[in-house]
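>>> structural data only, the sequence is not supplied:
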């Protein structure tokens, strides 16, 4: 009985819980959040199939359960029951390790993302985040880049040329876009002055969402996030129309299933990061009553609902985009990463840092209207400029549009001359 | 770059990736919210199959319920897939009838020659396609099963337009 006395201590609902309750709540949060998360991942597959079908004027899964909602379970059972094949000459240890390496990092990132305002309980105030890491953002960057190991190893250990090509593409793509992704978020950290995700959300609640102040950073982050999840238009590692199935060609049964699950988990993780870094996390827009103590259960419920809605919107747009655009060519992919996103991010960091420095020097308070106005003004200029340049189509457009005008004219002259010469010859 | 490559000068609105992407997104969204779907919900609703559909065979019968077949042997002769097995018999009045008449639906290619060649209009291909079975041997239809079929038979050609014009 004595051992459990610490549980009976009643704490202030608005203060931190005692150590014993902290451990219990942490364990509870892990179980509950992970269960909800993995269910959401499963139902994202259902959502994707359903939306894909609607976009193509079909119905999608509608046989197992109401609106096909049990299709997810049927698929799971099917994947478990399927025959497990082990191709000859694979690197056995790596081959078995790869699905787990793809799967685990996809699920770990969610641990540091805050998903609601703190919940007051009789035993103390519970943070609605599994692990409130002070270096939360760096943790997400570190873990999300681990995911590529699974894909690359899967491609390499399969002893299959297509799988190897897929794995190589995945690693090249991940390196290219990881840099742009990291660079794009530096401006967010400049504004927040911290890498603690909760602080970033608080800063957005007071200064306005980062997407309004740093649209270009969001734009780069969204594209890089799309590339990180290896989905269309960046699905070159998988590209079933050229590489059979890419890195998971040789996998079967549940080992195969791990890769799609990791992909869908990555979609949700990417969405949560976009929401957290640019769309104010669980902050409810146009009001400020939800971000200030005293914390209530109602606030927690509403902010969680807000958070889920935002994440859903991003998941939806991921799927929407996937069923709209075709795949990039490899050189387009590399050009977009290295020639557009990375220089753009670097220029943007310099510009934002200069403006911030200037505003701080001029003594403009960070939460004032003047500060927001200045940031938004710069933002509008940047957005117009970037989209004007992108619209000229020098990167992801047909090859000829990358030629200088003079070059085209010269080539055309040469071509015409050659053509005439041919005719005379005949 | 190779010489003689045809270079087109197309205006920016035609070549812009950004605009094309937004147009595509608008198009897919339009289809997403469009309640009109093209899928036929198969077991519940079915396509109307054409009058010339050649499917599961059916043996027509005379008014007293006997097969019309006179065991002339034309259908096994004409059958390109060699799927008809016919053993003729003769009763005391000299009328020929099939002792054994079996069609292997697995071997059949549903060309409809048997129906075309039949002088008695006995064997027909039918307007019917749901003939799945759990066992291979169930696909060999004997005479009793062929005469017991009730589905509509193939018209082969439209009587109003025999040349298919």
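Nice, thanks for sending it over. Bear in mind the structure is a predicted one, so any value in this text is a computation, not a measurement.
>>> how far does the helix or strand of chain B with the lowest mean pLDDT sit from the chain's center?
Within chain B, no helix or strand scores below helix B:12-15, which has a mean of 70 by mean pLDDT, DSSP states H and E. A distance of 48 Å separates the centroid of the chain from that of helix B:12-15, by CA atoms, centre = their mean, to the nearest Å.
>>> for the following helix or strand past it, buried residues please.
Following helix B:12-15 in sequence order, the next helix or strand is helix B:17-33 (DSSP states H and E). Buried residues in helix B:17-33, counted by 16 or more other CB atoms under 10 Å in any protein chain shown: B:17-20, B:25, B:28, B:32. C-beta: built from backbone N, CA, C; applies to glycine.
>>> who does the least confident helix or strand of chain B touch, helix- and strand-wise?
Helices and strands touching helix B:12-15, as assessed by 3 or more CB pairs under 8 Å, 6 or more residues apart in numbering or on different chains; DSSP states H and E, are absent.
>>> tell me which element the residue nearest to the spatial centre of chain A is part of?
Chain A has residue A:270 as the residue nearest its centroid, 2.0 Å off, counting by CA atoms, centre = their mean. Assigned by DSSP H and E, residue A:270 belongs to helix A:253-278.
>>> give me the mean pLDDT for that helix.
Mean pLDDT, helix A:253-278: 88.
>>> equivalent analysis for stretch A:26-34, please.
87.
>>> swap in stretch A:167-179?
The predicted model assigns stretch A:167-179 a mean pLDDT of 86.
>>> flag every buried residue along the helix holding residue A:270.
By neighbour count on 16+ other CB under 10 Å, the buried set for helix A:253-278 is A:255-278.
>>> swap in stretch B:145-159?
Judged by neighbour count using 16+ other CB under 10 Å, the buried positions of stretch B:145-159 are B:146-147, B:149, B:153-154.
>>> identify all contacting residues around that stretch.
Stretch B:145-159 is contacted from outside by B:51-61, B:65, B:67, B:101, B:103, B:112, B:115-116, B:123-128, B:164, using CB atoms under 8 Å, 6 or more residues apart in numbering or on different chains.
>>> residue B:99: neighbour count?
12 (other CB atoms under 10 Å in any protein chain shown).
>>> likewise for residue B:70?
Number of residues near residue B:70 (other CB under 10 Å) recorded here: 16.
>>> how about residue A:43?
Neighbour tally, residue A:43, other CB under 10 Å: 16.
>>> mind listing what residue A:275 touches?
Going by CB under 8 Å, 6+ apart, residue A:275 touches A:281, A:307, A:310-311, A:314.
>>> now, those residues that are in helices?
Counted as lying in helices by DSSP state H, out of these, are A:307, A:310-311, A:314.
>>> which one of the residues you listed sits in the busiest neighbourhood?
Going by other CB under 10 Å, residue A:307 tops the ones in helices among the contacts of residue A:275 with 26 neighbours.
>>> leaving out the residues flanking it, which one is nearest to that residue?
residue A:282 (4.1 Å; CB to CB, 6 or more residues apart in numbering or on different chains).
>>> the one you found and residue A:203, how far apart?
From residue A:282 over to residue A:203 the distance is 14 Å, taken as CB to CB, to the nearest Å.
>>> who's more crowded, the two?
Taking neighbours as other CB under 10 Å, residue A:282 and residue A:203 compare with residue A:282 leading, 28 against 20.
>>> per-residue pLDDT of that one, please?
Looking at residue A:282, its pLDDT stands at 82.
>>> residue contacts, residue A:60?
Contacts of residue A:60 by CB under 8 Å, 6+ apart are A:49-54, A:68.
>>> is residue A:71 in contact with residue A:46, as I believe?
Yes: between residue A:71 and residue A:46 there is a contact under CB atoms under 8 Å: 5.8 Å.
>>> anything in contact with each of the two?
The contact sets of residue A:71 and residue A:46 overlap at residue A:61 (CB under 8 Å, 6+ apart).
>>> where are the low-confidence patches of chain B?
B:1-10, B:14, B:158, B:162, B:164-165 (pLDDT under 70).
>>> what about the strands in it?
For chain B, the strands defined by DSSP state E cover B:55-59, B:84-90, B:96-104, B:123-126, B:140-141.
>>> of all those, which lies closest to chain A?
With CB to the nearest CB as the measure, strand B:55-59 is the member of the strands of chain B nearest chain A (25.2 Å).
>>> in the closest one, which residues are buried?
For strand B:55-59, a neighbour-count test (16+ other CB under 10 Å) marks B:55-59 as buried.
>>> strands paired with that strand, and their directions?
In the sheet, strand B:55-59 lines up against strand B:123-126 (antiparallel) (DSSP bridges).
>>> now distance to residue B:42 too, for the strands of chain B, in CSV please.
Formatted as CSV, these follow (distance: least, CB to CB, whole Å):
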stretch, distance to residue B:42
strand B:55-59, 16
strand B:84-90, 31
strand B:96-104, 26
strand B:123-126, 19
strand B:140-141, 24
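>>> which among the contacts of stretch B:145-159 count as buried?
Neighbour counting by 16+ other CB under 10 Å classes B:53-60, B:67, B:101, B:103, B:112, B:115, B:123-128 among those as buried.
>>> which residues sit in contact with residue 97?
Just so you know, I chose chain A. Counting by CB under 8 Å, 6+ apart, residue A:97 makes contact with residue A:153.
>>> chain B is the one I meant
Neighbouring residues of residue B:97 by CB under 8 Å, 6+ apart: B:66-67, B:69-71, B:88-91.
>>> for it, give its distance to residue B:142.
14 Å.
>>> can you name the residues of the stretch 1-150 of chain A that neighbour chain B?
Remark: the part of the stretch 1-150 of chain A in contact with chain B comprises A:51, A:54-59, using CB under 8 Å from any CB of the partner chain.
>>> give me the number of residues near the residue nearest to residue B:72 when sequence neighbours are not counted?
Among residues not flanking residue B:72 along the chain, residue B:119 sits closest, at 6.4 Å (CB to CB, 6+ apart). If you count neighbours by other CB under 10 Å, residue B:119 ends up with 9.
>>> whichever strand or helix holds residue A:33 vs helix B:17-33, what angle?
Residue A:33 is part of helix A:19-55 when elements are defined by DSSP H and E. Taking axes from the mean of the first three to the mean of the last three CA atoms, to 10 degrees, one finds helix A:19-55 and helix B:17-33 inclined to each other by 90 degrees.
>>> next, the angle helix A:253-278 makes with helix A:19-55.
Going by the same axes, to 10 degrees, helix A:19-55 is angled at 100 degrees with respect to helix A:253-278.
>>> contacts only, for residue A:113.
Applying CB under 8 Å, 6+ apart, the residues near residue A:113 are A:129, A:136, A:140, A:197, A:272-273, A:276, A:281.
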